[in-house]
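**Student:** need the 3D shape of this:
(4 chains, ligands or ions: 6)
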Amino acid sequence: MKKLINNPDDVVREALEGMAAAHPDLLTVHFDPTYVVRADGVPDGKVGLLSGGGSGHEPMHNGFVGRGMLDAACPGEVFTSPTPDQMQAATEAIDAGAGVLHIVKNYTGDVMNFEMAEEMAESGGIDVRSVVIDDDVAVEDSTYTAGRRGVGGTVLIEKICGAAADKGYSLDDLEALCTRCNDNVRSMGMALTSCTVPTAGEPTFDLGEDEMEIGIGIHGEPGRKRMEVEPADQIVERLMTPIVEDLPFKDGDDVILFVNSMGGTPLIEVYLAYRKAAELAEQHGLRVVRNLVGPYITSLEMAGLSITMMRADDDIVELWDAPVHTPGMRWGA
Amino acid sequence: MKKLINNPDDVVREALEGMAAAHPDLLTVHFDPTYVVRADGVPDGKVGLLSGGGSGHEPMHNGFVGRGMLDAACPGEVFTSPTPDQMQAATEAIDAGAGVLHIVKNYTGDVMNFEMAEEMAESGGIDVRSVVIDDDVAVEDSTYTAGRRGVGGTVLIEKICGAAADKGYSLDDLEALCTRCNDNVRSMGMALTSCTVPTAGEPTFDLGEDEMEIGIGIHGEPGRKRMEVEPADQIVERLMTPIVEDLPFKDGDDVILFVNSMGGTPLIEVYLAYRKAAELAEQHGLRVVRNLVGPYITSLEMAGLSITMMRADDDIVELWDAPVHTPGMRWGA
Amino acid sequence: MPLTAPDLHAWIRAFADRVAEERAYLTKLDSAIGDGDHGQNMNRGLSHAVDQIDDDASMSDTMRTVAMALISKTGGASGPLYGTLFMDAGKTTAEHEELGTPEVAALFRAGLNGVQRRGKAEPNDKTMVDALLPAVEALEDAAENGTPLSEAIQQAANAAKKGMEATTPLEARKGRASYLGERSKGHQDPGATSTYYLLDAAATAWSDRA
Amino acid sequence: MPLTAPDLHAWIRAFADRVAEERAYLTKLDSAIGDGDHGQNMNRGLSHAVDQIDDDASMSDTMRTVAMALISKTGGASGPLYGTLFMDAGKTTAEHEELGTPEVAALFRAGLNGVQRRGKAEPNDKTMVDALLPAVEALEDAAENGTPLSEAIQQAANAAKKGMEATTPLEARKGRASYLGERSKGHQDPGATSTYYLLDAAATAWSDRA
Ligand SMILES: Nc1ncnc2c1ncn2[C@@H]1O[C@H](COP(=O)(O)OP(=O)(O)O)[C@@H](O)[C@H]1O
Ligand SMILES: Nc1ncnc2c1ncn2[C@@H]1O[C@H](COP(=O)(O)OP(=O)(O)O)[C@@H](O)[C@H]1O
Ligand SMILES: [Mg+2]
Ligand SMILES: [Mg+2]
Ligand SMILES: [Mg+2]
Ligand SMILES: [Mg+2]
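**Tutor:** Ligands and ions are numbered 1, 2, ... in the order given. As a prediction, the model looks like this:
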C-alpha cells in the first residue's frame, strides 16, 4: 500500500485539519465528537441540513458544508459510518429553531447510527427528520436485502435540499422535497480497480488485469457482476440502461445527468464517458437540462465511474441553479 | 492497461466531444485543427489568452476555457504537445484586435510548436506575445538542460492573467504581469505511481512497491530522485523546502498555496498534505492568503501531488479573487 | 461462585484482547463480503471500552459504559448492534448482585433481542444473530438443566462457533454482504465471527465460575 | 541514375513503414528517458505525410508537403524538428532536376542546420543531432570523394547508426530526457533512433541510385 498518509489511524483527523486550514471562511471542524459545521452559523429559523457517512468519499460530505448546501457533516472513519454522538452534537450545533433534516445513505451502519442519533436528539427536544437515500439500481430492492444503497443521487439531493433550506422551506416541506428527489433519482456504478482502506493496508477486493466490477458500491464492496473489461461506450450503456428502465425515465423527461469519477479515473475518461451518457440520454428522448461531471462521490483511489440521473422539474432546476459555496461545489457565489 | 476508453487513438477527440456536450454554455470545440474556444466570443478590444499542451492534464487547459480565464486552449494528443496549425487557428479565433498572449509551459515540444505558431500568426498580422512558464524547482536551470518545466504555476497564472485580460490589460501589460507571476511562483511534485498513456498501453515508468519518485514532471517523465516512500508529512517537507529556498520566499511574504493532486490521489490525502504544507508555510513566516486544493493539473491516473506557491501582492490577490467561470475553476459567477 | 462485576470486566477485556489479536482476520473476512473494516471497527470500539471500564463500577454500570463506548467509537453496523447488545443485556443485571447460569442466559437473551430490534435480522440472514441465537439457546437449555456456569458458557461458546461456521454457505440478507447476493455464499460472516469471540471470551474468563 | 521525385517518395514511404514497424520500440525508448510517445508521434505524422504525398509533385513540393504534414500531425518535440528538417532540406532541391551525392549531402546538411536552428542542440546533447550530424559528414566526405549515391547513402546510414548507438552513454542536455540528468545515461535516444531509420530508409530506397 502506497499512500500519502502518516499513521493510518490519523488519516481522517489530519485530513480534517487540512480542510479546516484550507477553508476557514466556509467551515469549522470539531473533534471529539467529530463533525464539520458551516463557519457562519445557521441563520435563525432555517432548517439545518446534516449528512454524514464514512470518510473516503471526498468531497462528499465534508466538502459540501458551507453556504447553500449542508450545514454540517459527520465523517466516520474511512468507509465506516460515523457514530450517534457525532450526529447528535452536529444536530445540536445546527438547530436554529426550525429542526434538522438528516440525509442518510442507505447502508445498514449509517441507518442504524443515524437512528440512534435521532432518538437522542429528539429526547433533547430537537425536531429531527431523516430521509434515507437509496438510488442504486445495482441492488435488488427486496425485503430479503438491506435495500438499495445510497450513492450518487445523494450529491444532487444535498445540493437541491440545501438550496431549498436557504429559500426557507419548512422541515415538513424539506423532508417531502428530499423524498421526492430520492424517488426521482437513479444511479449505477462500476470499477476497474479496487481501493485500499488505509488501516486495512490491502485492496478491499481483487480484480484481474482485464476484469471490471459492474454495480459497485461506494465502499469498495463488490457489485452485481464481474466481467471482462469492455470499451467505455459499452460500459456506459451497461450503466445507463438499468437506470433509464428502473425509474422508468420517459420520453420527454427533463433530467440532470451526473457522471461521477470514483476517484482514480482521469478526468479525460470521465468526459469521454459523459459524451456517451449524454448521447444515450438523448436517444431515450430525455432532455439533459443540467449536468455534473467529475469526482464528487468517490471511493478513495478506485478507478471507475458512476452515472446518476434525476428527473428534474422546474422547481428542482431552480434549486439546482441557486448559489452554492462549499469547498466541493460552487457556483453563483 | 484498464481504462475507460474506446479506441486509444480516439481518446482526445471523444473526451473533447464530451466537454462540448457538457459545457455548451462555456465553450465550443473545433476539430481539424483542434482547439477549444470560449462560447461567447472574445469581447472587442480584449487581449486573447491562449494556452495549450498535451492532453492528460485535465482540467488544465481545456477546462480553464470560459469566462475570466483562457479564451482558447489547444489540446495535443495525450502528453504530446499540440501543433502550430492548432495554435494558429485558435489565435485567429480569439484575436479581438488587441493581440493574443500565448502561455507556454516550458517543454521542448511545446516551446517549439508555439514558436512556429507565432511565426505563422505574426505573418498573418496578429500581435502575438508568448511567456514561457518554468516554475518547477525540481529541474536544475542551466544552459545544459532544457530548463525548468512549466507545472502547477501555470494554473495560477492562467487564472490571474485571465482576470487581468478581463480588466482590460493591454498586451504589453499582460505579458509583463504573466512574466512577473512566473518570476514569483515555484512548484515541485512527486509520484507514488506511474501513469499509462493510452496509446502506449504500458506504464511510462515502473516504481517499486515502496518507492516514490521525487521531482516528477507532469508527463510521467521520471523526476529528480527515486527513494523509499515516507510518511506524508516528510514528503510534503521534501517538496516545500526547495520551493521556499528557491525563490527565495521571505518571512512576511503573502502567498497563494496550491496543493495539487496528480490525478489518482484521493482528495482525503490531498487535504492531509495541505495541512502540513500550510503548517510549514507558517513556520517559514509566510502568510497563506489564498489557497487551492485538488486536482487541477494532473498526469492521468498518477498518484502523487505537487505543491505550488506564488508570492502574491494585493494586485495579484485581487485578480485571483475576480470572478471566473470555466468547467474546471469557478467562483464569483 | 457466580459472576460479579470483576468477572464482567475480565470478560470484556478478554473479548477486546481476542478481537485485537484477530483484527486482521476479521477485516479479511469483511473484505471478502463487506468493506474490510470489521476488525478495525471492533478493535477501536473495544479498546475504548476497556479504557472506560471502572474497576469499582457495578455490573449494570459496566455494561452501560461498554455500550456507550461501543456506540460512540465503533461506527459501522457493528457499533449500534454491539452497543445495543450491551445496553439491553446490561439492563438485566440491574436487579442482581451476582449472576448464575439462568441470569447469564437472560442477559444474552436480552442482548440478542436488542440486536434483532436494532438490525431486524432473522436467523440464517448470515449475521451475528446466527452465532448469538444458538449460544442463547444453549444457555437457556443449560439453565433448565441446572448446568453450572463454567460448563454452560462453554456450551454456549461451542454453539456460537457452530453457528458462526454455519454462516459460510448462507446467502446474506442483511448488511453490506447482502449486496453480493449469491456471491456471499462460501464466506464466513465477520460479525458472527466476532460474536463467537464474545462468547468464547466469556467461556475463558468464567472457566472457574458456577 | 541520380534521384528524382519518385525516389524521394519511395524514401519517405520506406521511412514511414520502418517507423510503423518500430513504433513500439521507439515508444519504449522514449518511456525510459522521456514520456513514451515518440513512436506514436512519428507514426502519426508520417502516416499523414504519406497520405499527403502527390505522386506527380516535384521534389521541393514533396518535401514541403511532408514538412507541413509532420508539423501539423506529429506534435511533441519531434514534430517541429522533423518538420523543420524537411522544410529546410526541401529548399535545397528547388534548383535541381535530379540529385546526386553532392546534392543529397547538401540536402541533409540543410536539414541538420534546420534541426539545430529549431532545437539549439549541440553534438553530444543526446538528441537526433547525434545521428544526423555523422550522416551529413559521411555524405560530405563521399561527395568530396566522388562516391556514387547508393554507396554514399549506405555510409551515411552506417554513420547514423553509430551516432545513434553512441547516444547511449551520454547525459541528455536537451529535450525531456535532460530532466533525468545522470539517470539518462545508459539509454539510447529515441530521436536519434528514428533519425537512423530516416537514413536507413534512404539507403534502402536508393540502393540502386548513383
Ligand atoms: N441488520 C443486521 N443485523 C445483525 N447483524 C448485522 C446486520 N447488518 C450487519 N450485521 C453484522 O455486521 C457485520 C459487519 O460489521 P462491520 O463491518 O463492522 O460494519 P459495516 O458493514 O457497516 O462495515 C456483518 O458481518 C454482520 O454480522
Ligand atoms: N532541442 C532538441 N534538439 C534536437 N532534438 C531534440 C531536442 N529536444 C528533443 N529532441 C529529440 O526529440 C526526441 C523526443 O521526441 P518526442 O518524444 O516525439 O517528443 P517529446 O519529447 O515532446 O515527447 C528526443 O529523443 C530527441 O532526440
Ligand atoms: Mg464499514
Ligand atoms: Mg511528448
Ligand atoms: Mg464492514
Ligand atoms: Mg516523447
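**Student:** and the stretch 151-300 of chain A, which of its residues are near chain C?
**Tutor:** Within reach of chain C by C-beta under 8 Å from any C-beta of the partner chain, the stretch 151-300 of chain A has these residues: A:197, A:199-200, A:202, A:204-205, A:217, A:219-223. Heads up, the C-betas are built off the backbone N, CA and C, glycines and all.
**Student:** turn those residues into JSON lines, columns for neighbour count.
**Tutor:** JSON lines is the format used below for those (neighbours: other C-beta atoms under 10 Å in any protein chain shown):
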{"residue": "A:197", "neighbour count": "30"}
{"residue": "A:199", "neighbour count": "22"}
{"residue": "A:200", "neighbour count": "25"}
{"residue": "A:202", "neighbour count": "15"}
{"residue": "A:204", "neighbour count": "26"}
{"residue": "A:205", "neighbour count": "21"}
{"residue": "A:217", "neighbour count": "26"}
{"residue": "A:219", "neighbour count": "28"}
{"residue": "A:220", "neighbour count": "29"}
{"residue": "A:221", "neighbour count": "24"}
{"residue": "A:222", "neighbour count": "26"}
{"residue": "A:223", "neighbour count": "24"}
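**Student:** can you add pLDDT and give the residues you listed back as TSV?
**Tutor:** Formatted as TSV, the entries for those read as follows, by pLDDT from 0 to 100:
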residue	pLDDT
A:197	91
A:199	89
A:200	85
A:202	87
A:204	84
A:205	85
A:217	88
A:219	84
A:220	75
A:221	73
A:222	71
A:223	72
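**Student:** need the max-distance pair from these.
**Tutor:** Spanning the widest gap among those are A:199 and A:223, at 22.8 Å by C-beta to C-beta.
**Student:** whichever residue of the stretch 151-300 of chain A sits closest to ligand 6 sits in which helix or strand?
**Tutor:** Among the residues of the stretch 151-300 of chain A, residue A:268 lies closest to ligand 6, at 18.2 Å counting by C-beta to the ion. Applying DSSP states H and E as the criterion places residue A:268 in helix A:267-283.
**Student:** and that helix, how far out from the chain middle?
**Tutor:** 20 Å (C-alpha atoms, centre = their mean, to the nearest Å).
**Student:** quick one: is that helix near chain D?
**Tutor:** No: where contact is defined by C-beta under 8 Å from any C-beta, no part of helix A:267-283 touches chain D; the two come within 15.0 Å at best.
**Student:** packing partners of that helix?
**Tutor:** With contacts taken as 3 or more C-beta pairs under 8 Å, 6 or more residues apart in numbering or on different chains; DSSP states H and E, helix A:267-283 sits against helix A:232-246, strand A:254-261, strand A:287-294, strand A:304-311, helix B:11-22.
**Student:** tell me the average confidence for the second one?
**Tutor:** Yep, that's strand A:254-261 we're talking about. When the per-residue pLDDT values of strand A:254-261 are averaged, the result is 98.
**Student:** so it versus helix B:11-22, what angle?
**Tutor:** When axes from the mean of the first three to the mean of the last three C-alpha atoms, to 10 degrees is applied, the directions of strand A:254-261 and helix B:11-22 differ by 150 degrees.
**Student:** what's strand A:254-261 packed up against?
**Tutor:** Packed against strand A:254-261, as judged by 3+ C-beta pairs under 8 Å, 6+ apart, are the following elements: helix A:153-167, helix A:267-283, strand A:287-294, strand A:304-311, helix A:314-321.
**Student:** near ligand 1, which residues of chain C?
**Tutor:** Applying C-beta under 6 Å from any ligand atom, we find that chain C lies next to ligand 1 at C:30, C:34-35, C:37-38, C:41, C:76-78, C:81, C:115, C:119-121, C:127-129, C:174-176, C:189-192.
**Student:** can you select the buried ones from these in ChimeraX?
**Tutor:** In ChimeraX syntax, the buried subset of those is picked out as below (16 or more other C-beta atoms under 10 Å in any protein chain shown):
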select /C:30,34,35,37,38,41,76,77,78,81,115,119,121,127,128,129,174,175,176,189,190,191,192
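**Student:** let me know the helix or strand that the residue in the stretch 101-250 of chain A that ligand 5 sits nearest to is in.
**Tutor:** When distances are taken as C-beta to the ion, the stretch 101-250 of chain A approaches ligand 5 most closely through residue A:109, which lies 7.4 Å from it. Secondary structure from DSSP H and E places residue A:109 in helix A:108-123.
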